[in-house]
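Visitor: turn this into a structure:
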Amino acid sequence: MKLIFATNNQHKVTEIRAVLPSSFEILSLKEGGIDIDIPEPHDTLEANAREKAVTIYHMTNTACFSEDTGLEVEALNGEPGVRSARYAGEDQSFQNNIDKLLLNLKGQENRKAQFRTVICLIMEGNIEFFEGVCEGQIISEQKGGEGFGYDPIFVPNGAEKTFAEMSLEEKNQYSHRRKAVDKLVSFLNQSGQNR
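Guide: Here you go, the predicted model:
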């Protein structure tokens, strides 16, 4: 089964391909010949994911999905949340975002946080949502060189290492994105779309 993944983020494409069964073929926007940067103007992950999926579905009339992910920090009232990718400004630098988050958490004892992914699937005009959550802690110093985004400062509950210290296989044992993708695959299998 072929699905367009409405993203230009190759890290996300790699992560999702690593957990999808081989019966699914995922095309990134670039691989689908679509050169577009879809804005994420909304205040919720759900609305941003829907915006991206609807845009690509209308352009291609092909089954597609998109996702939006946010890091929600308890002591910061859920920040950076839906603004995670642009927390430190529009230049979208992973390092600047991490620096701002650590600065805002300085002196905070409560380091609880969660990654939340929302996937929006559009197939034959029908829209479905799937959510995955990974709870953990924000540490005060960066560790590891793998992954992307806030991975160097996030340790999932039950682990000793940051996401950035883990292999992709290790990360996917905890990953919010993996949990959302598992629900997506289960839905596709149950609906008989993957024959």
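Visitor: which SS class is S140?
Guide: Three-state assignment for S140 (DSSP: H, G, I helix; E, B strand; the rest coil): coil.
Visitor: could you report the neighbour count for it?
Guide: Number of residues near S140 (other Cβ atoms under 10 Å) recorded here: 10. Placement of C-beta: from N, CA and C, glycine included.
Visitor: spatially nearest residue to it (excluding sequence neighbours)?
Guide: Excluding the flanking residues, the one nearest S140 by Cβ to Cβ, 6 or more residues apart in numbering is L102, at 6.6 Å.
Visitor: quickly find the element holding the one you found.
Guide: helix 94-104 (DSSP states H and E).
Visitor: got the buried residues for that helix?
Guide: Across helix 94-104, burial judged by 16 or more other Cβ atoms under 10 Å covers F94, N97, I98, K100, L101.
Visitor: quick one: contacts for the second one?
Guide: Read it as N97. Taking Cβ atoms under 8 Å, 6 or more residues apart in numbering, we find N97 in contact with P80, S84, A85, R86, Y87, A88, G149, Y150.
Visitor: go with 6 Å
Guide: Y87, A88 (Cβ atoms under 6 Å, 6 or more residues apart in numbering).
Visitor: how close does V73 get to E135?
Guide: Using Cβ to Cβ, to the nearest Å, V73 is found at 11 Å from E135.
Visitor: likewise G147?
Guide: Distance from G147 to E135, by Cβ to Cβ: 17 Å.
Visitor: and the two? Which one has more around it.
Guide: G147 (21 against 16).
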